[in-house]
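> Any chance you could fold what I've pasted below:
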Amino acid sequence: MSTERLPMVVPASGLPDRVRIYEVGARDGLQNEKGAVPTEVKAEFIHRLADAGLTTVEATSFVHPKWVPQLADAEQLFPRVRDLPGVELPVLVPNQRGLDRALALGADRIAVFASATESFAKANLNRTVDESLAVFEPVVRQAKDAGAHVRGYVSMCFGDPWEGAVPLHQVARVCTALRNMGCDELSLGDTIGVATPGHVQELLNLLNEEGVPTDEIGVHFHDTYGQALANTHAALEHGVTTVDASAGGLGGCPYAKSATGNLATEDLVWMLHGLGIETGVDLDRLTATSVWMAAHLDRPSPSRTVRALSHKDQ
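Next up, the predicted model:
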């Protein structure tokens, strides 16, 4: 990449030297697409993301096709990507059946998806918070027994469209329950994008007080109110080194209509590189990948960085 296409590097004190980007575009980014994305396009998308230097790429979800038709091809897709060298390929599983399907294909990184609020648990999981945690406990245990790494997503950590602001202790209770059942890491989801930096730091402080170490925490911000990068910076200041993002800013949440999209990976990489934080990502290749996927989806990428860099190529 030419220097005119790179931010000026001005490191800030107190930030990590390197950040692991947990790329969710192939699963979270595509799951809400109304038109079916062909399996071969998804597979090439994942290969291109890996070629751009992303080392953690969430591949798919082994959920029942009735609930997420876009990901009904998990059995066909995963074998096409599982042998990518040096790339972690987590998959989301909703229950025991989903775990069995994933393990049968050789998946060794599993994610479960919990809620910090009762309203979202009922809308998304059709269970109460405690009932959903009870479902996940044997899933996590079996995954760990099989030697898999397990991530616990916690949605609605900062706000809920039905309940409003979510008490911090409520989020901490779900996080500690997932950790106690064996989850190796947690991802704090701002599902409707209402978090602000002080809110982020307060939740991280409370989780530390409750015994959850920072190095087991990732953050997953939506950019509904334009706060995703500011919130990410607040998390970095706290010492968080895992940040979820979606190539091209793809995705939202089918059960939270105000969730307009994930933090774009390119926007994140631009900020991190400007801060002198290593990611291992080639921004040119990543931008080209998002432009390629946007063409398949027949609409422009919402990522500001993708638009800026692709405009320079014209």
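> Could you check how far Q142 is from L99?
6 Å (CB to CB, to the nearest Å). C-beta: built from backbone N, CA, C; applies to glycine.
> higher neighbour count, these two?
Neighbours per residue, other CB atoms under 10 Å: of Q142 and L99, the larger number sits with L99, 25 against 17.
> what comes up buried for the helix or strand hosting the more buried one?
Here L99, judged by DSSP states H and E, is contained in helix 96-104. Buried residues in helix 96-104, counted by 16 or more other CB atoms under 10 Å: G98, L99, R101, A102, L103.
> Which elements pack onto the helix or strand where A50 lies?
Counting by DSSP H and E, the element that carries A50 is helix 39-51. Judged by 3 or more CB pairs under 8 Å, 6 or more residues apart in numbering; DSSP states H and E, helix 39-51 is in contact with strand 56-57, helix 74-81, helix 283-297.
> As a markdown table, the ones you listed with mean neighbour count, mean pLDDT and distance to S132 would be great.
Output for the helices and strands packed on helix 39-51, formatted as a markdown table (neighbours: other CB atoms under 10 Å; pLDDT from 0 to 100; distance: least, CB to CB, whole Å):
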| stretch | mean neighbour count | mean pLDDT | distance to S132 |
| --- | --- | --- | --- |
| strand 56-57 | 23 | 98 | 25 |
| helix 74-81 | 18 | 98 | 21 |
| helix 283-297 | 21 | 96 | 31 |
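> Looking at those, spot the one closest to K34.
Ranking these by proximity to K34 (CB to CB) places helix 283-297 first, at 10.1 Å.
> What is the nearest of the buried residues of helix 96-104 to R82?
For the buried residues of helix 96-104, the nearest to R82 is A102 (10.5 Å; CB to CB).
> Report the contact partners of that closest one.
A102 sits next to F62, A74, F78, V91, V93, I110 when contact means CB atoms under 8 Å, 6 or more residues apart in numbering.
> Let me know the closest of the buried residues of helix 96-104 to R127.
Nearest to R127 among these, counting by CB to CB, is G98 at 14.8 Å.
> My understanding was that the closest one contacts P65; is that so?
No. With contact defined as CB atoms under 8 Å, G98 does not reach P65; the gap is 11.4 Å.
> Give me the pLDDT for K257.
You'll see K257 listed with a pLDDT of 48.
> Now do the strands for the protein: every range, in order, please.
20-23, 56-57, 60-61, 91-92, 109-115, 149-155, 159-160, 164-165, 185-190, 217-221, 242-245 (DSSP state E).
> Can I get the ones you listed in TSV including distance to T265?
Formatted as TSV, the strands of the chain follow (distance: least, CB to CB, whole Å):
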stretch	distance to T265
strand 20-23	6
strand 56-57	10
strand 60-61	18
strand 91-92	18
strand 109-115	18
strand 149-155	18
strand 159-160	23
strand 164-165	28
strand 185-190	15
strand 217-221	12
strand 242-245	4
